[in-house]
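Student: When you get a sec, could you give me coordinates for this:
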Amino acid sequence: MSEQSLPDDARAEYTRALPEYAERVLEVAELIPPGRVMTYGDVAEWLEEGGPRQVGRVMALYGGAVPWWRVVRADGALLPGHELRALERYRTEGTPLKAASRAAEGHVPRLDMRRARWDGGERAAGHT
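Tutor: Have a look, this model is predicted:
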């Protein structure tokens with residue numbers, strides 16, 4: 001999730017130059033207000049480029065320096081391997097959550113996508 005988690009050769013690449021698409025994805029992630037989320041697909045749609053997988057790849061490689069927990073899966077499931085860190089952030093920010101079902105692994109809640117999803121508001125009109 002962060003530059004520190006990258007192998008040494010990839011870390012050097014990261015610090016040299018961030019691809020333009022990655023910069024744009026990270027800029028959108030930084031615009032998402034606390035307590036709100038956008039899906040990977042929402043970000044791609046907002047940028048009018050790429051798709052959910054491309055946005056996910058950018059977030060996996062470069063997202064550690066931005067509020068990564070605000071770019072999420074469309075089903076509201078928390079990012080595997082980062083559930084507790086994300087959950088702490090969601091609770092701090094007041095992000096709407098749904099109670100975990102008994103079947104949910106570790107009884108981790110999901111995001112309430114209907115209430116938490118952000119469409120870009122007025123900023124969407126002037127996006128890059």
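
Student: give me the low-pLDDT residue ranges for the protein?
Tutor: 1-17, 102-106, 122-128 (pLDDT under 70).

Student: switch to 80 and redo it
Tutor: Applying pLDDT under 80 to the chain flags residues 1-17, 100-107, 121-128.

Student: quick one, strands of it?
Tutor: All strands of the chain, identified by DSSP state E, fall at 38-39, 71-72, 97-98, 110-111.

Student: what residue lies at the spatial centre of this structure?
Tutor: Among the residues of the chain, the one closest to the centroid is V71, at 1.9 Å (C-alpha atoms, centre = their mean).

Student: which one of the strands of the chain lies closest to E30?
Tutor: With C-beta to C-beta as the measure, strand 71-72 is the member of those nearest E30 (10.3 Å). In short, each C-beta sits where N, CA and C put it, glycine included.
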